[in-house]
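**Student:** When you get a sec, could you give me coordinates for this:
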Amino acid sequence: MNMGSIMKQAQEMQSKIEKMQQDLENITVEGSAGAGLVKVIMTAKGIVKHIDIDASLLVPTEKEILEDLIATALNDARQKADEKSASEMQSIAGGLDLPAGFKLPF
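**Tutor:** Numbering: from 1, shown residues only. Prediction:
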C-alpha cells in the first residue's frame, strides 16, 4: 500500500465521517423508564427532542420518583444514541483497507 492510496482513503473517510455526523442529527432513538411511564426521544447526537411523561406521575408526592425516571430515561436514550453512532461509524470504516494499527477517527 502506498502513501497516495492511504491519503486518498483518509480523504474518503473524512467525507464519510462528515456525512455521518450530519445524518446522526436526523436519527432518533427512544429511551424509557418505569415500564414506559417516562419516554425520551433524542437524536443520535444526544439532542433531546421530546419527553413524554404519563399523567399518573404528575402528582406532587411522586416528584422524586419522576425525577429518577426522567434521569433513567435520558440515560437509556443516550446509551442507544451512542450505540447507533458507533454502529454508523463501524459501517463506514468496515470497507476500508487500512494498515494494521491505523486508528479512526483521525
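**Student:** Which residue would you name as the spatial centre of the protein?
**Tutor:** The geometric centre of the chain, computed from its C-alpha atoms, lies nearest to residue 81 (C-alpha atoms, centre = their mean), at 2.2 Å.
**Student:** Excluding covalently adjacent residues, which one is nearest to that residue?
**Tutor:** residue 44 (4.6 Å; C-beta to C-beta, 6 or more residues apart in numbering). For glycine as for every other residue, the C-beta is placed from the backbone atoms N, C-alpha and C.
**Student:** okay, and for this structure, where does confidence drop off?
**Tutor:** By pLDDT under 70, the low-scoring segments of the chain are 1, 94-106.
**Student:** can you give me the strands in it?
**Tutor:** For the chain, applying DSSP state E gives strands covering 28-33, 38-43, 48-53.
**Student:** out of those, deepest packed?
**Tutor:** Across the strands of the chain, the average number of neighbours (mean count of other C-beta atoms under 10 Å) peaks for strand 38-43, which reaches a mean of 22.
**Student:** related to what we said a few turns ago, for the strands of the chain, give me TSV that also has distance to residue 2.
**Tutor:** Rendered in TSV, the data for those read as follows (distance: least, C-beta to C-beta, whole Å):
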stretch	distance to residue 2
strand 28-33	41
strand 38-43	39
strand 48-53	46
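**Student:** Looking at these, which is nearest to residue 87?
**Tutor:** Of all these, it is strand 28-33 that lies closest to residue 87, at 11.1 Å by C-beta to C-beta.
**Student:** how much does that closest one deviate in direction from strand 48-53?
**Tutor:** Relative orientation of strand 28-33 and strand 48-53, computed by axes from the mean of the first three to the mean of the last three C-alpha atoms, to 10 degrees: 30 degrees.
**Student:** orientation of strand 28-33 relative to strand 38-43 in degrees?
**Tutor:** Going by the same axes, to 10 degrees, strand 28-33 makes 160 degrees with strand 38-43.
**Student:** That concludes my questions; thank you for your assistance.
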